[in-house]
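what's the 3D shape of this:
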Amino acid sequence: MTGKLFVDGSLVFCWSSPRHRPIPMRTSDLNELTPLDKIILPTAPTSGRMESLGRSMKRAPRRILGQFGGENAGGQAYHVMSRTAGGEKLFGEVEKEAFRRLMWRMARFSGVEVLTYALMANHFHVLVKVPERARFLKRFEGEGGEERLLEHLALLYSKAYVGAVRQELARVRAAGREGEVEAILEAFRKRFCDLSCFVKELKERFSRWYNKHYDRRGTLWMERFKSVLVEDGEALRTMALYIDLNPVRAGLVDDPKDYRWTGYGEASGGSKRARRGLCKVMDAPMDSWEEKRGQLTPAEAYRCWLFGEGLEVAVEKAIGSGGSAGEGRSGLEVSGRLKSALPLKKKGFSKERVEALLKSGGKLSRADLLLCRVRWFSDGLAIGSKGFVEGIFTRCRGHFGAKRKTGARKVREDEVGGLHALRELRMDAVT
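Residues are numbered from 1 along each chain as shown. From the prediction side, this is the model:
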């Protein structure tokens, strides 16, 4: 028997054609699915689910969110992080691959753009850009808009589920309850371009897969999740580099391209979707990862930035002006050979030297800062220029006490001095 499969409890249904009802089969009658097959199975309808469509609980916003328009018309960027309960190292290769597959699938459904990410043994980082919902929803307006919305649901749900939604809409319309029809459609629309919905569903779906795979119960995650609003430009690029250097800071690899479960590692392996995300970080055309822009391709330029601030000025000059680039402070020539020539370990960097420098009140180069654990990037609420952070503070004034007069707090350890955060961190900001 052929057809698309979906799982509901202990049964597997085979949908042979749109005109036939799904045929139940015992899971023992089928070839066993691998764990990675199961993580991307479409969601099936369950008892009571259709009747609850359109019903939801409203909750007041709890996060610092960006504002659209002007420079942010293309979306707002956020650094999202979450850790396992107790910090237990639960994720091996299979779990990381399952999470990555689910992450990309949820991103497509939610309308969220993944710029880069890092999946570690006990936590994950994702840098996302959330488009403006009103612009995203225009595709579902006008004649045929409802049908386009139902087709979009197929990115996450099974044919049986989408068919059940159609039947429920028809039943409610036949009863003359048009308001309820709109409520059902809005229940889906409100999940698009919403950071909290995206992360919540991603973590919940992965938890269900993980618990079923290992026959366990209970929570998988330590907390809801952390998020930091990130300004485009320098701050966005710095955050992307920080995320892609996670496996280097953890001592898992010497070269970030050798770690499969990061955006840069996936891009180095040829993934178009990962390359597009990093091109957006670099403000380069979408599919220009290996196209020359000046003297360097975006792939070579990003690799230069990963290897240290000493090359940054020369790289920007080579990309922006098309002119010849000189040598950075490290003495390495900026050329097309950088992709394979640069060693990651920068001369003079050591944990002991950094700790001594911070203890004495000194500052770190951006390159050394990125090889430390920087709480500003996970707990700072918002990261960017002073003007950007002050604007967020003014708009979200009600979130802060009356005694606070200004919003921007300088990232003290940053030698460059351009980064500011919305939250002051006094203890162990950089370790």
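
show me where the stretch 251-400 of the chain has strands.
382-384 (DSSP state E, counting those that start in this stretch).

helices of that one, residue ranges please.
263-268, 272-281, 298-306, 312-321, 338-341, 351-359, 366-370, 376-379, 386-395 (DSSP state H, counting those that start in this stretch).

buried sites along the last one?
Using 16 or more other Cβ atoms under 10 Å as the burial criterion, the residues of helix 386-395 that qualify are K386, F388, V389, E390, G391, I392, F393. Just so you know, the C-beta spots here come from the backbone N, C-alpha and C atoms, and that holds for glycine as well.

for stretch 225-240, measure first residue to last.
Start to finish, the residues bounding stretch 225-240 are 18 Å apart (Cα to Cα, to the nearest Å).

can you find the helix or strand in this structure with the smallest mean pLDDT?
Least confident helix or strand of the chain, by mean pLDDT, DSSP states H and E, is helix 338-341 with a mean of 39.

for the lengthiest helix in the chain, list the C-alpha coordinates in CSV.
Assignment by DSSP state H gives helix 195-214 as the longest helix of the chain. Below are the C-alpha coordinates for helix 195-214, written out as CSV (Å, rounded to 0.1, in the frame of the first residue of the first chain):
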residue,chain,number,x,y,z
LEU,A,195,8.9,34.7,18.1
SER,A,196,7.3,33.2,21.2
CYS,A,197,5.1,30.8,19.2
PHE,A,198,8.0,29.7,17.0
VAL,A,199,10.3,28.8,19.9
LYS,A,200,7.5,27.4,22.1
GLU,A,201,6.3,25.0,19.4
LEU,A,202,9.8,24.1,18.4
LYS,A,203,10.7,23.1,22.0
GLU,A,204,7.4,21.3,22.6
ARG,A,205,7.5,19.2,19.5
PHE,A,206,11.2,18.3,20.1
SER,A,207,10.4,17.4,23.7
ARG,A,208,7.6,15.0,22.6
TRP,A,209,9.9,13.4,20.1
TYR,A,210,12.7,13.1,22.6
ASN,A,211,10.5,11.7,25.4
LYS,A,212,8.9,9.1,23.1
HIS,A,213,12.2,8.1,21.6
TYR,A,214,13.8,7.5,25.1
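
strands of the stretch 101-250 of the chain, start to end?
113-119, 123-130, 226-230.

so for the first one, mean pLDDT?
Per-residue pLDDT values over strand 113-119 give a mean of 97.

could we number from 50 for the rest of this?
Right, with 50 as the first residue, what we last looked at is strand 162-168.

give me the distance from that strand to the chain's centre.
4 Å (Cα atoms, centre = their mean, to the nearest Å).

again, but for stretch 268-278
13 Å.

in stretch 456-463, what counts as buried?
Buried residues in stretch 456-463 (16+ other Cβ under 10 Å): G456, A457, R458, V460, R461, E462, D463.

and the residues you listed, which of them are in strands?
Applying DSSP state E to these, the entries found in strands are R458.

what are the structural domain limits within the chain?
50-81, 412-470 (automatic domain parsing).

list the contacts for V423?
Neighbour list for V423: Y291, V460, E462, A478, V479 [criterion: Cβ atoms under 8 Å, 6 or more residues apart in numbering].

of all those residues, which comes closest to E195?
Within the contacts of V423, distances to E195 taken as Cβ to Cβ reach their minimum at Y291, with 42.3 Å.

rank the helices of the stretch 300-449 of the chain by pLDDT, which is bottom?
Among the helices of the stretch 300-449 of the chain, helix 387-390 carries the lowest mean pLDDT (a mean of 39).

measure L420 to D307 for me?
16 Å (Cβ to Cβ, to the nearest Å).

in terms of neighbours, single out the busier of the two.
Higher neighbour count among L420 and D307: L420, with 21 against 14, using other Cβ atoms under 10 Å.

give the bridge partners for the residue most central in space within the chain, please.
Among the residues of the chain, the one closest to the centroid is V175, at 3.3 Å (Cα atoms, centre = their mean). Judged by DSSP bridges, the bridge partners of V175 are V129, Y166.

so it sits against L151, correct?
No. Assessed by Cβ atoms under 8 Å, V175 is found out of contact with L151, at 11.8 Å.

tally of neighbours for the residue lying closest to M155 once chain neighbours are set aside?
Of all residues beyond its chain neighbours, the one nearest M155 is L251 (4.8 Å), with distances taken as Cβ to Cβ, 6 or more residues apart in numbering. L251 has 23 neighbouring residues, counting by other Cβ under 10 Å.

one more: L419?
23.

check G124 too.
22.

contact partners for it?
F117, E162, K178, V179, P180, E181.

closest to D332 among these?
Closest to D332, out of all of those and judged by Cβ to Cβ, is K178, at 12.1 Å.

which residues touch that closest one?
K178 sits in contact with G123, G124, Q125, A126, Y127, V161, E162, L164, K329, where contact means Cβ under 8 Å, 6+ apart.

so what's V465 scoring on pLDDT?
pLDDT, V465: 73.

ok, it to R415 distance?
5 Å.

please say which of those two ends up with more neighbours.
R415 (20 against 15).

isn't the more buried one up against D463?
Yes. Using Cβ under 8 Å, R415 makes contact with D463 at a distance of 6.8 Å.
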